[in-house]
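Q: Give the three-dimensional model of this entry:
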Amino acid sequence: MALVEVKKLSKEYKRGVETVHVLRDLDAAIPEGDFLALMGPSGSGKSTLLNLIGGIDKPSSGTIDVGGQRIDNMPERKLTQWRAQHVGFVFQLYHLMPMLTAARNVELPLLLTGLSRSERKQRVAAALALVGLSDRAGHKPKELSGGQEQRVGIARAIVSDPSLLLCDEPTGDLDRKAGDEILDLLDGLNKEHNKTVVMVTHDPHAAARAKRTLYLNDGLLGTEPEA
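A: Coordinates of the predicted model:
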């Protein structure tokens, strides 16, 4: 069963009088429980596709269905609520709030929900425990290593128990050891917690940890890299 399905998906931007075609009539289906690596040259549209699937951006044309819901034409207010419930984002540079503790950073997505303070606290504790950072809950980002910061980012992504994790170069700013620990964590979330993971990466070592790899070239998806 496809958790994500896009049909005839196109995205273009205007650059002066020029039209830049980033994605061209793209069709793709991502099954529930998949761990997909998305590769391709810089500027090929990988992050654009991730943002479209996550409801951060809107397509120029085509449809996006996630979990049985059309999100390409969803009103912005409803889309914000949908993202908070169904999608977790993991970024290369973590995007943590420097003045907040790890626990408060993880709690941020829950502020968009109707959960009580005690319920939010329980979820934050569970998410930090899952990524092995219960003992760092009160630490601010500057007091953490890069790998620990990314673990906080992953805890924030999973705290609302989303079905879909969208990871944009999650190991790109880490050394190999810390990167492997993050990949182990994503692998565990996929296999043990049935999270569907879509990971943009330039690193073949990271892509090898996924169940399958697709390559984005010239706005189109394929199973082989561009020659």
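
Q: Report the separation between the closest residue in space to Arg151 that isn't next to it in sequence and Val87.
A: Leaving aside its sequence neighbours, Arg151 sits nearest to Val131 (C-beta to C-beta, 6 or more residues apart in numbering; 4.2 Å). Any C-beta I mention is one placed from the backbone N, CA and C, and that applies to glycine too. As judged by C-beta to C-beta, to the nearest Å, Val131 and Val87 stand 18 Å apart.

Q: When those two are compared, which one has more neighbours?
A: Between Val131 and Val87, counting by other C-beta atoms under 10 Å, Val131 is the more crowded of the two (25 against 22).

Q: Can you give me the distance of that one to Ala208?
A: Note on Val131: its distance to Ala208, by C-beta to C-beta, is 22 Å.

Q: ok, now which ones touch Arg136?
A: Arg136 makes contacts with 102, 128, 143-144, 148, 152, as judged by C-beta atoms under 8 Å, 6 or more residues apart in numbering.

Q: can you name the two of the residues you listed that are farthest apart?
A: The most widely separated members of these, counting by C-beta to C-beta, are Leu128 and Glu143 (14.5 Å).

Q: Count the neighbours of Glu181 for me.
A: Using other C-beta under 10 Å, Glu181 has 18 other residues around it.

Q: what's the answer for Arg104, then?
A: Using other C-beta under 10 Å: Arg104 sits among 16 other residues.

Q: Report the beta-bridge partner residues of the most centrally placed residue in the chain.
A: In the chain, the residue lying closest to the centroid (C-alpha atoms, centre = their mean) is Leu166, at 1.6 Å. Per DSSP bridges, the residues bridged to Leu166 are Phe89, Val198.

Q: That one against Phe89, yeah?
A: Yes - using C-beta atoms under 8 Å, Leu166 is in contact with Phe89, at 5.4 Å.

Q: tell me, what's touching those two both at once?
A: Between them, Leu166 and Phe89 share these contacting residues under C-beta under 8 Å, 6+ apart: Gly54.
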